[in-house]
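Q: let me see the structure of the following:
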Amino acid sequence: MAEGHDQAREHDSHLPPFYSPRLNPSAPHNVPEHDLKTQGRAHPERPQASALPSYLSLSSSEGEALPGLVSPAFTPPATPGTATPAQNREAASVPVDSSIPDGGCGSKKPRLLEVLPEVTCVVRARIPTTTGTEMFLHLYTNNVDQKEHLAIVFGNTIRSSSLDAVRSGETEMDRMIRGAYTGRLYPGRTTSQLPGSQAEAAKSDTPLVRIHSECYTGETAWSARCDCGEQLDEAARLMALPGSSGGVIVYLRQEGRGIGLGEKLKAYNLQDLGSDTVEANILLRHPADARSYGLATAMLQDLGQSEIRLLTNNPDKVRAVEGPNREVVVKERVAMVPLAWRGKGGIKSAEVGEYLRTKIEKMGHMLSMETA
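A: Now for the predicted structure:
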């Protein structure tokens with residue numbers, strides 16, 4: 001018995017300090033005795049784990065149950081730009097057309113604002129990543145909430161019209177400090193415009209776009225209740241591929257599908273009591289999904305994007321992102337396939353399995369999988 005504990009401790013010594021110790025299934029802690037007697041029995045109102053699709057299986061190739069923690073093979077923050085052949089592969093895409101009933105854009109009618117919000121990019125900065133890939137982070141303000149929404153732009157051909165607009169009384173140094181420059185900054189530079197740098201604004205191929213809602217727990221707190229962190233990293237990986245025309249991740253501050261972090265944590269407790277993610281929101285008197293995408297549409301307009309390829313597994317999001325008058329047209333829907341679905345590491349836990357099951361069964365998501 002002591003030898004088993006020593007092996008567990010040796011395994012844990014290789015994990016980063018923010019991981020919990022490996023679970024010991026034979027010695028659960030803080031579980032009431034009457035609950036121990038019921039462990040292993042399926043919830044009476046829930047299908048058993050065997051009903052999960054094969055790509056949501058929670059068993060390893062040796063048949064052992066996987067521990068409910070984030071795999072050390074994939075830890076946030078994971079910046080894009082890795083160059084292994086398997087990760088240089090682009091995701092599959094299908095043409096969509098929301099102007100016709102069978103255009104592959106889902107059956108729901110999303111909530112659309114009659115008038116798009118007014119957005120302004122107030123600052124832009126170059127962000128070098130740990131793998132060498134560069135991106136430009138754009139911070140936006142708007143006239144509908146007090147939050148700072150973001151656009152993460154890959155490539156140097158996508159620019160913000162509100163950022164580039166001349167502002168009264170500003171100097172050339174003011175413009176460079178807020179990011180309204182062309183080319184690259186360097187010590188001693190005195191002008192925001194460089195000769196010949198207007199070529200940056202040339203139109204490129206239809207860009208890949210991801211509309212991503214903030215998830216503090218999945219992106220920062222290493223949560224295995226969802227795959228939001230993996231999806232964010234996968235979007236960045238695709239936009240940083242060699243030969244890619246770049247892309248935009250619109251990062252909206254819509255925590256917990258729009259209900260906020262505090263209510264989201266309450267929903268987590270309800271999930272531990274037996275509810276799924278949709279049921280938990282409704283029990284807290286919130287919609288299953290309270291998000292709106294008008295801000296994303298307005299930000300894409302400001303970035304000069306009238307036609308995009310949308311990276312999503314939710315066909316209903318296509319029409320929601322296009323805006324009330326199709327200000328932004330989605331030409332293709334690109335499948336989102338994070339690492340865990342490929343069997344290449346990533347999150348594997350009972351919680352994320354139930355989370356993905358609910359997305360399929362109750363929210364109409366089309367979860368694709370790559371097996372190669």
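
Q: after the lowest-mean-pLDDT helix or strand in the chain comes which helix or strand?
A: Lowest mean confidence among the helices and strands of the chain (mean pLDDT, DSSP states H and E): helix 33-38, at a mean of 43. Moving toward the C-terminus from helix 33-38, the next helix or strand (DSSP states H and E) is strand 93-95.

Q: direction included, what does that following strand pair against?
A: strand 329-334 (antiparallel) (DSSP bridges).

Q: can you list contacts of the partner strand?
A: Contacts to strand 329-334, defined as CB atoms under 8 Å, 6 or more residues apart in numbering, come from residues 91-96, 98, 104-105, 206, 208, 238, 306-312, 315, 318, 321-322. C-beta here means a position set from N, CA and C on the backbone, and glycine is covered the same way.

Q: tell me where the stretch 151-300 of the chain has helices.
A: In the stretch 151-300 of the chain, helices defined by DSSP state H, counting those that start in this stretch lie at 161-164, 172-177, 216-219, 228-239, 255-258, 261-272, 277-283, 294-302, listed in chain order.

Q: any chance of these in TSV with distance to Thr191 as columns?
A: Formatted as TSV, the helices of the stretch 151-300 of the chain follow (distance: least, CB to CB, whole Å):
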stretch	distance to Thr191
helix 161-164	14
helix 172-177	5
helix 216-219	38
helix 228-239	30
helix 255-258	41
helix 261-272	43
helix 277-283	52
helix 294-302	24
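
Q: turn those helices into CSV, including mean neighbour count and distance to Gly246.
A: Below are those laid out as CSV (neighbours: other CB atoms under 10 Å; distance: least, CB to CB, whole Å):
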stretch, mean neighbour count, distance to Gly246
helix 161-164, 18, 17
helix 172-177, 14, 22
helix 216-219, 19, 22
helix 228-239, 24, 6
helix 255-258, 21, 27
helix 261-272, 16, 31
helix 277-283, 19, 33
helix 294-302, 25, 14
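
Q: what about those, which gets the closest to Thr133?
A: helix 228-239 (7.9 Å; CB to CB).

Q: that closest one packs against which elements?
A: strand 149-154, strand 208-213, helix 216-219, strand 247-252, helix 339-342 (3 or more CB pairs under 8 Å, 6 or more residues apart in numbering; DSSP states H and E).

Q: sounds good, over and out.
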